[in-house]
Each structure stands twice: as C-alpha cells, then as structure tokens.
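Enquirer: dropping a prediction and its sequence here:
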Amino acid sequence: RILGSDLGITDPFWMSRFGSSALQAEVYRKGRIFLAGDAAHIHFPAGGQGMNVGLQEAMNLGWKLAGELKGWAPNWLLDSYHGERFPVNTALLRNTEVQALMLFEFSPRIIELRDMLSKLLQVPEANYLFSSQISAFDVRYEPDGGMPLHPLNGRRFTELKLQLDDGAIRNAYELLRSGSFLFLQLTSDDRMDDVVGLWNYKHVQVVRAALVGMASDWDDVHTALIRPDGYIAWAVSRSEPDPAAEIRKGMIRWCGGRDDS
C-alpha cells in the first residue's frame, strides 16, 4: 500500500502482530506486595527506556525496603515509592506512545512532523532535552515539603570534585559505593560539630569537604543529604538562619531515630 509493490515477499512463517500497548498499574504497593518494571507498566520498547526506569525503580524501592528491614526507616518512606515513581512512568508511557505514532504512522502530517523533529534534534539544547528524557536523567522527585525549599531538592546528584578534610581529592560518586546516605557538609561551621557528633547512623556516611572547581548549583550549599539511590533528599543553604536546626530536622525525618550504639 505504501510502496505500490509486494516486494516479492511470499510464504511468511511468522504472522504475529506487533503493536504499542501502554498499560500502567493503578498502585505500586498493596500491603507487602510491590510492583516494579514490567509488572508495574508496559509500553512500546523505544530507546531502552523500560530498562532505565526499571533499574531506577529497583534502586528506589531497594534501599527503602532495606531501611524497613533494618528498622531505621521512617513510617512514610515505603509509601513514597509509589508517589515518586508513578508520575515518572505516566510521563514515560506518553513519551513512548508519541514515539510509536512517529514510527508506525505514515500520513503526510506525521512525515512532516518527523522531518521537523529531525531538524530540531540538531539544536544542542533540544537534543539534550530529549536525550535526558530518554535516559531518565531528567527525573526529579517532588521536593520534601518538610524541609526548606532549595533548587537541588529532589534532583539527581551530579558528579562533583571534592577536597576532603585529609586533603585528598575525590570524585563525589566514589562516595556512593557503600549504598548508604551521604551527609555532605561543604561549609566550615563550628555549630555543626555538636550536630554531627549527636548522630551516629550506621547507614549514613558523613563527609566534610570543599568543592574543587566550578559548580554553580552548589555554590550556596551548606550541607546536603544524598539518598542511597543518588537523589538529593534535601540541601540547606548557607544563608539559612539556623542551619543546624534544619539539618537535625532533616536527619530525623529521612534517616530515622538516633542510633547511639
């Protein structure tokens, strides 16, 4: 129908159809049952996005389940799995539906739209926008309303170069290998000595460091708590009137009760 020829194709041995089903579970948790990956949503397999979001969900849920099993997780933490991942996957389904339409529809208007998008992808900013969406690097969770607002809250942690207290230069991602929270203090502040000394969390790695080089998003950060899945739970600005109080509140909220053992 499209080419005006059957291209000589005869005797097909596989006549199954391939379509674009887009389905999503209404809830990702019911009691002790959790859904992730293809159990939670199915869609057209475009760009490996299903793999990306499935890995993100496994990591998002995994550290929260670990916290529950080890007894330190606050009551709200497991329920946050659905709240954080459901909107991400709703956007994913819409994204893949559009891609399927572009691949399978050959009407003149869709062909024109494909041509327009091909040109748009040559613009670096647009290319970055689409690639970030497909790779899931653009995922941002709703900032924690219990903490002071900061532009970094809920964002994916980006690589930083740090100079530690002992003078060593380290890439920040190296500090995430333990699978624990990363309590990152970037400002010399005598008021923090008592705060950090009060909290002896086995699942929190405390690091005092200074930024090496330029990182404009982090210039005003006093302290930040990085989640085990690489997202920023909260960041406290240097201009905060009482950073020690806000940090203490954030540690209790995210990391559970104090561990004096």
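Expert: Cool, got the structure. Everything numeric here is computed off the predicted structure, so don't read it as measured data.

Enquirer: in the chain, where's the longest strand?
Expert: In the chain, with assignment by DSSP state E, the single longest strand is strand 204-211.

Enquirer: quick check: buried residues in that one?
Expert: Residues of strand 204-211 classed as buried by neighbour count (16 or more other Cβ atoms under 10 Å): 204, 205, 207, 208, 209. Backbone N, C-alpha and C define where each C-beta goes, glycine included.

Enquirer: that strand pairs with which strands?
Expert: Strand 204-211 has the following strand partners under DSSP bridges: strand 161-164 (antiparallel), strand 181-185 (parallel).

Enquirer: tell me the most buried of those strands?
Expert: Counting by mean count of other Cβ atoms under 10 Å, strand 181-185 has the highest mean neighbour count of the strands paired with strand 204-211, with a mean of 22.

Enquirer: so for that strand, mean pLDDT?
Expert: Across strand 181-185, the average pLDDT comes to 92.

Enquirer: export that strand to PDB, keeping only CA atoms.
Expert: The C-alpha trace of strand 181-185 is given here as PDB (Å, rounded to 0.1, in the frame of the first residue of the first chain):
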ATOM      1  CA  PHE A 181      23.200   8.000  52.800                       C
ATOM      2  CA  LEU A 182      25.900  10.600  52.100                       C
ATOM      3  CA  PHE A 183      25.800  13.500  54.500                       C
ATOM      4  CA  LEU A 184      27.900  16.100  52.600                       C
ATOM      5  CA  GLN A 185      29.000  19.200  54.600                       C
END
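
Enquirer: chain center to that strand: distance?
Expert: Relative to the mean C-alpha coordinate of its chain, strand 181-185 is positioned 17 Å out (Cα atoms, centre = their mean, to the nearest Å).

Enquirer: wait, doesn't residue 227 sit right on residue 181?
Expert: Yes: with contact defined as Cβ atoms under 8 Å, residue 227 reaches residue 181; the gap is 6.5 Å.

Enquirer: overlap in contacts, these two.
Expert: 233, 254 (Cβ atoms under 8 Å, 6 or more residues apart in numbering).

Enquirer: re earlier: any chance of the buried residues of strand 204-211 in TSV with distance to residue 252 as columns?
Expert: Below are the buried residues of strand 204-211 laid out as TSV (distance: Cβ to Cβ, whole Å):
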residue	distance to residue 252
204	12
205	18
207	20
208	21
209	23
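
Enquirer: just the helices in the chain please.
Expert: Using DSSP state H, the helices of the chain run over 49-70, 80-104, 108-120, 124-135, 191-198, 243-255.

Enquirer: so for the longest one, what gets flagged as buried?
Expert: This means helix 80-104. Here helix 80-104 shows 80-82, 84-86, 88-89, 92-93, 95-96, 99-100 as buried, counting by 16+ other Cβ under 10 Å.

Enquirer: let's see the pLDDT reported for the closest residue to residue 2 other than its chain neighbours.
Expert: In space, and not counting its chain neighbours, residue 2 is closest to residue 106: 6.0 Å by Cβ to Cβ, 6 or more residues apart in numbering. Model confidence at residue 106, given as pLDDT, is 86.

Enquirer: same check on residue 260?
Expert: 42.

Enquirer: any low-confidence regions in the stretch 1-150 of the chain?
Expert: 18-19 (pLDDT under 70).

Enquirer: now do the longest strand of the chain against helix 243-255, angle only.
Expert: Here strand 204-211 points in a direction 140 degrees away from that of helix 243-255 (axes from the mean of the first three to the mean of the last three Cα atoms, to 10 degrees).

Enquirer: for strand 204-211, the averaged confidence score.
Expert: 90.

Enquirer: hmm, residue 179 and residue 63 touching each other?
Expert: Yes: with contacts counted by Cβ under 8 Å, residue 63 reaches residue 179, the gap being 7.0 Å.
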